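Undergrad: sequence plus the predicted model coming up.
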Amino acid sequence: MTRTNERRTVGIDAIAVHVPRLYMDLCGEWARVRAPELGEATVEGLVGKVRKGVGVEQMAIPDAHEDSATLAAMAAVKVIEQAGIDPRDVGSIAVGTETTVDQSKSIAAYVLGMLERRFGVDLREAGAPQFQFACIGATYALEAAVNSFRAGEATKPYALVIATDISKYPLRTSGEYTQGAGAVAMLVSESPRLVALDPRVLATITRDERDFFRPNGLSTAVVDGKYSIDVYLDCIGEASRLFTKRAREALGVTGARIDEIVDDFLFHIPFPRMAEYAALRVLGEAWRADPARRQELAVSCPTVLDDLAVPGNRRAFEKQLAQDGAFVRLFEQRIAPSLSLSRRIGNIYSGSMYLGLASLLETAKDREALKGRRVGFFSYGSGASARVFSGVFVDPASYRPHVSSLLAPAHEGGVRIPLAIEQYERLHRGPDAGDAPVSLAQPSPSTVTPRGEFALVRVGTDSGPAKTDVGYRYYDWVAG
């Protein structure tokens, strides 16, 4: 699709990813220990459920000195250095997260301080808000940054948008193997090098739902699993229909289906298999609405001709569609490349869709071939909100591959370190806070000594006339 000329072309100039060095292999010791605990008949059965049913093999685990703020700051340093910009040219730092480190102070303010110390600069003129709406928070942060440029209100050449989260569920539950941790940082600018976002082509659906939430005081979320999946699919399906309508008008492609408008699809990825469910919903509805495509599907998917409002029919249709040759080819060519990194990192909540963008770029055999292709962003956050928007790759060769090297294990010359299950469970439990809230506890000893990274060094304990900092988090750069 040809991008229309706009007075202000705004988008993503650069993107960088940071994940913890520690990881849990879900196909080894973890599976051997968990199989009997989870009632699985065999270890192989649990491995199959995790690898094929969910789509993951490993999950990144933060060390005791790491949290959402340190992950965000590390991703920010990487994108600034890789883009080769002066950090003083960043006019705002916005963080999207659902695992904040403070109930009042923005993670972005902590990140600002870490960047000042790391680069030796003064960033006091930068705004530093935090956006919260489950996994869609970073998308709202991105929209705010983009609109500041489109409105002519940006005071510096760049805005920094960071998605950072640590996904954590109770041990020995079905949610345990959908955990993960990481951060994605993006530089937003006019005349972006990477992706120019389409103006006036945005669809939002928001509903008041109870599918996933984390009440104050809880360290793990409350999830209604099947219901949460249903809400995701309903919202992303409705937002996709609205996006298609607006894209036809704004891009001048009357009658085009969503797969004719969008070349590459990026879905929110709580786990890779969920992207397949979302693709089945979005493409299934688009293809059913196209008379010619509907007739073609009638052979491989007989239920396409049935009323999907009848209980069981939609599930039957989407199950049939998953085996359809055209769907399988489209998925492998235009969706699967975005899932590669998530299989080895896990769920990073607000950053998962943007990790998909990095994955698409990281795994492309010829990044230059992506130039001019339109990428669709299908963002979702529980509670619930879905946003669908799009952009065109400008110079995808400007992307600097770096994530695959992060995931190389130490014994192969990389930096990644596998955890024994006892180490993993200790980190999952967190610091021993005694009778005090966990947020006030000092960090536990690190599994691996921090080096070349930001670290949470201590939590404040003073309360008196000279200084009060009880619970305040102190971060520092640890040279490596």
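TA: Cool, the structure landed. This structure is a prediction, so every number in the text was calculated from the model and none was measured. Numbering: from 1, shown residues only.

Undergrad: just say helix, strand or coil for Ser444.
TA: Of the three states, Ser444 takes coil under DSSP: H, G, I helix; E, B strand; the rest coil.

Undergrad: what about it, how many residues close to it?
TA: Neighbour count of Ser444, defined by other Cβ atoms under 10 Å: 15. Heads up, the C-betas are built off the backbone N, CA and C, glycines and all.

Undergrad: what residues are up against it?
TA: Taking Cβ atoms under 8 Å, 6 or more residues apart in numbering, we find Ser444 in contact with Ala64, Arg426, Leu427, Gly430, Pro431, Asp432.

Undergrad: go with 10 Å
TA: Neighbour list for Ser444: Asp63, Ala64, His65, Arg426, Leu427, Arg429, Gly430, Pro431, Asp432 [criterion: Cβ atoms under 10 Å, 6 or more residues apart in numbering].

Undergrad: what does Gly325 give?
TA: Gly325 makes contact with Ser300, according to Cβ under 10 Å, 6+ apart.

Undergrad: oh, and call the first residue 40 from now on, that's how I've got it
TA: That works, and once the first residue is 40, the last one we named lands at Gly364.

Undergrad: from Leu236, how far off is it?
TA: For Gly364, the distance to Leu236 equals 33 Å [Cβ to Cβ, to the nearest Å].

Undergrad: A helix includes Val270, no?
TA: Yes - counting by three-state DSSP, Val270 is located in a helix.

Undergrad: just grab the bridge partners of Arg426 for me.
TA: For Arg426, the beta-bridge partners under DSSP bridges are Thr243, Ser418.

Undergrad: wait, it touches Ile244, no?
TA: Yes - using Cβ atoms under 10 Å, Arg426 makes contact with Ile244 at a distance of 8.0 Å.

Undergrad: who's more crowded, the two?
TA: Arg426 (26 against 20).

Undergrad: tell me the pLDDT at the more buried one?
TA: Per-residue confidence (pLDDT) for Arg426: 98.

Undergrad: and the contacts of Ser483 as TSV, adding distance to Arg285 and secondary structure?
TA: TSV is the format used below for those (distance: Cβ to Cβ, whole Å; DSSP: H, G, I helix; E, B strand; the rest coil):
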residue	distance to Arg285	secondary structure
Asp102	44	coil
Ala103	47	coil
His104	45	coil
Arg465	50	helix
Leu466	45	helix
Arg468	48	helix
Gly469	45	coil
Pro470	48	coil
Asp471	53	coil
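
Undergrad: buried ones from the residues you listed, can you make that a PyMOL selection?
TA: Listed next is the PyMOL selection for buried residues among the contacts of Ser483, using 16 or more other Cβ atoms under 10 Å:
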select buried, resi 102+103+104+466+470
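
Undergrad: reformat the contacts of Ser483 as JSON lines; add distance to Asp329 and pLDDT.
TA: Below are the contacts of Ser483 laid out as JSON lines (distance: Cβ to Cβ, whole Å; pLDDT from 0 to 100):
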{"residue": "Asp102", "distance to Asp329": "50", "pLDDT": "98"}
{"residue": "Ala103", "distance to Asp329": "53", "pLDDT": "97"}
{"residue": "His104", "distance to Asp329": "53", "pLDDT": "98"}
{"residue": "Arg465", "distance to Asp329": "54", "pLDDT": "96"}
{"residue": "Leu466", "distance to Asp329": "50", "pLDDT": "96"}
{"residue": "Arg468", "distance to Asp329": "52", "pLDDT": "93"}
{"residue": "Gly469", "distance to Asp329": "51", "pLDDT": "90"}
{"residue": "Pro470", "distance to Asp329": "56", "pLDDT": "86"}
{"residue": "Asp471", "distance to Asp329": "59", "pLDDT": "66"}
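
Undergrad: kind regards, and thank you for your time.
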